[in-house]
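Peer 1: Kindly generate the corresponding structure for this input.
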Amino acid sequence: MQLLSAGAPAIDAGPDVDLDLATIPLLAGRMADGTLSSVELTRAYLRRIAAVDGLVRSVVAVDPTALRQAEESDLRRALGRSRGLVDGIPVLLKDNIDTAGLATTAGSRALGVPPRRDAELVTHLRAAGAVVLGKAAMSEWGNFRSPWSVSGWSAVGGQTVNPHVLDRSPSGSSSGSAVAVAASLAQVAVGTETNGSIVCPAGHTGVVGFKPTRGRISGTGIVPISARQDTPGPLARHVVDAAILTAVLEGREADPVFTPASLRGVRVGVWRRTGFGTETDRVVESAVELLRRCGAVVVDVGLSHLDRIEAAGRLAVLSEFKHDLEEYLRTRQGVPRTVRELIEFNEADPVELSTFGQELFHDAEKAPPITDPAYLAQRRTATRLARRSIDEVLAAHRLDVVMTPTNGPARAVDVSDSPAPSTATPAAVAGYPSITVPAGFAGPLPIGMSFIGGHGTDAAVLRLAAAFEHAASARRAPAYLPTMPSDRA
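Peer 2: Residues are numbered from 1 along each chain as shown. A predicted model of the protein is given here:
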């Protein structure tokens, strides 16, 4: 069996399966008819990691049992006991998701002792027969150790880079999950988001990233920032794969037939958030024209209360981080127990503070407890206003979704990674579904378009995103350019 992927050093020759283009339904069909095995597929991804990941540094650990898992999947299929669409499909997990026998570090050298149990979502993946391929790199502590953290950097994994242009940032914090999927190092990956950590790296690396309604996928067994905002979600090269993986992560059986919605008559509000640059503005205009050609009704909108949401949410998350992280640490053996102990570990470690500091750890240590009236008011304000910002605009214009740019062109990897514009905050703080889909390019750098829905509208958002994906056909495999063409000139 020959398996290929575009845009990287050749690993195999032959036309049978193009990893970059293959979807889970296609692979499941090939395995069902006997023209592909999970072992062959898993070996192809392992070879690809060995050949390509040195360029992008997106995988921090390969599961030594991956091929055995694939063999067990093939045996089940031979006995007529396949567990569904993802049986035998290789999946990477962000390095904050507890995986028995594999280190789960959140990028920190302080968490080097592997957990004893799987996170709940990992039990769902194993029950569905997925092959846990390994752990994906992440921005250390989810970019929540310092305001000047470097996206894609961790003391465990070093600097993950953007596969489209290797001196550009992948964004964060699910950096490795997004990069690995973009580079075809796994069929799909699982990331997590508190405020943009799925959709932002997905947009910057040219893949699909879906943040579901908070609570649909369990966060048990995941290193937290805020249990009131955190949610796991899929990263994939195709919306259909994101929809299938979402169902499995929720503990449901994936629908064997996923049908994109029709865009005709769909009402889309366009939130033209400024600050992304002229190239992103051009991609937004192209997306608007495409929607109109497909029969959608497009209305310009604005989302309100943004400054108040960000201010209240920023303070609330400090209290939540201290409480939720220390509660999580008590479930692990051989690791620090408190934020104070983590601060002291970092101060004594030769690597941890080599690139940026731990100002947010110090702030969290001093933050009020989650029983404090001031904290409770901040959380109520942030969540209430975030929900209002979306609910009111959806209702006022009778919208199905809000569309907005996910990202501007990726910045250069830099040790002073100042905050970039973001459209992720309202959906993240509200706990509402959002998905980014490749929409265009600024030179060689991908630009994503996000679709935001109301509470619980996950299925509708996925179907509309799939329709846009089909109409736009904007995704392309990375070119692994060493730097921007203008820079080389």
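Peer 1: Near residue 350, how many other residues are there?
Peer 2: When counting by other Cβ atoms under 10 Å, one arrives at 8 neighbours for residue 350. Every residue, glycine included, has its C-beta placed from N, CA and C.
Peer 1: helix/strand/coil for it?
Peer 2: Here residue 350 is recorded as coil under DSSP: H, G, I helix; E, B strand; the rest coil.
Peer 1: Residue 106 versus that one, what's the distance?
Peer 2: In this structure, residue 350 and residue 106 are 19 Å apart, going by Cβ to Cβ, to the nearest Å.
Peer 1: Which strand or helix spans residue 471?
Peer 2: Applying DSSP states H and E as the criterion places residue 471 in helix 458-472.
Peer 1: Now residue 92: which helix or strand?
Peer 2: Using DSSP H and E, residue 92 maps to strand 90-94.
Peer 1: what's in contact with that strand?
Peer 2: Outside strand 90-94, the residues that touch it by Cβ atoms under 8 Å, 6 or more residues apart in numbering are 41-42, 45, 59, 66, 70, 99, 122, 125, 130-136, 138, 174, 176-177, 180-181, 185-192, 232, 245.
Peer 1: returning to what we had before: and the helix holding residue 471, which residues are buried?
Peer 2: Using 16 or more other Cβ atoms under 10 Å as the burial criterion, the residues of helix 458-472 that qualify are 458-469, 471-472.
Peer 1: quick one: contacts for the closest residue in space to residue 276 that isn't next to it in sequence?
Peer 2: Computed as Cβ to Cβ, 6 or more residues apart in numbering, the closest residue to residue 276 that is not its neighbour in sequence is residue 408, at 3.7 Å. Contact partners of residue 408, counting by Cβ under 8 Å, 6+ apart, are 275-277, 279-280, 420-421, 442, 447.
Peer 1: rerun at 6 Å
Peer 2: Going by Cβ atoms under 6 Å, 6 or more residues apart in numbering, residue 408 touches 276-277, 280.
Peer 1: Buried subset of the residues you listed, written for PyMOL?
Peer 2: To isolate the buried members of these in PyMOL, using 16+ other Cβ under 10 Å:
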select buried, resi 276+280
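Peer 1: got the buried residues for the helix or strand just after the strand holding residue 92?
Peer 2: Along the chain past strand 90-94, the next helix or strand (assigned with DSSP H and E) turns out to be helix 120-127. By neighbour count, and taking 16+ other Cβ under 10 Å as the criterion, the buried residues in helix 120-127 are 120-126.
Peer 1: Likewise for stretch 40-54?
Peer 2: Neighbour-count burial for stretch 40-54, counted by 16+ other Cβ under 10 Å, picks out 40-46, 48-49, 52-53.
Peer 1: rewinding a little: how about the contacts of residue 408 in CSV, adding distance to residue 211, pLDDT and secondary structure?
Peer 2: Shown next, in CSV, are the contacts of residue 408 (distance: Cβ to Cβ, whole Å; pLDDT from 0 to 100; DSSP: H, G, I helix; E, B strand; the rest coil):
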residue, distance to residue 211, pLDDT, secondary structure
276, 19, 95, coil
277, 24, 95, coil
280, 20, 97, helix
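Peer 1: Can you tell me which of the contacts of residue 408 is nearest residue 208?
Peer 2: residue 280 (18.1 Å; Cβ to Cβ).
Peer 1: ok, now which ones touch that closest one?
Peer 2: Neighbours of residue 280 in contact, by Cβ under 6 Å, 6+ apart: 405, 408, 447.
Peer 1: Would you agree the last one is in contact with residue 437?
Peer 2: Just to be clear, that refers to residue 447. No: under the criterion of Cβ atoms under 6 Å, residue 447 is not in contact with residue 437, lying 10.5 Å apart.
Peer 1: could I have the helix holding residue 471 exported to PDB, CA atoms only?
Peer 2: Presented in PDB, the C-alpha positions along helix 458-472 are these (Å, rounded to 0.1, in the frame of the first residue of the first chain):
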ATOM      1  CA  ASP A 458     -22.900  22.900  17.000                       C
ATOM      2  CA  ALA A 459     -24.400  20.600  14.300                       C
ATOM      3  CA  ALA A 460     -25.700  23.500  12.300                       C
ATOM      4  CA  VAL A 461     -22.400  25.400  12.600                       C
ATOM      5  CA  LEU A 462     -20.500  22.300  11.300                       C
ATOM      6  CA  ARG A 463     -22.800  21.800   8.400                       C
ATOM      7  CA  LEU A 464     -22.600  25.500   7.300                       C
ATOM      8  CA  ALA A 465     -18.800  25.400   7.700                       C
ATOM      9  CA  ALA A 466     -18.700  22.300   5.500                       C
ATOM     10  CA  ALA A 467     -20.700  24.100   2.800                       C
ATOM     11  CA  PHE A 468     -18.400  27.100   2.900                       C
ATOM     12  CA  GLU A 469     -15.400  24.800   2.800                       C
ATOM     13  CA  HIS A 470     -16.800  23.100  -0.300                       C
ATOM     14  CA  ALA A 471     -17.500  26.300  -2.000                       C
ATOM     15  CA  ALA A 472     -14.200  28.000  -1.200                       C
END
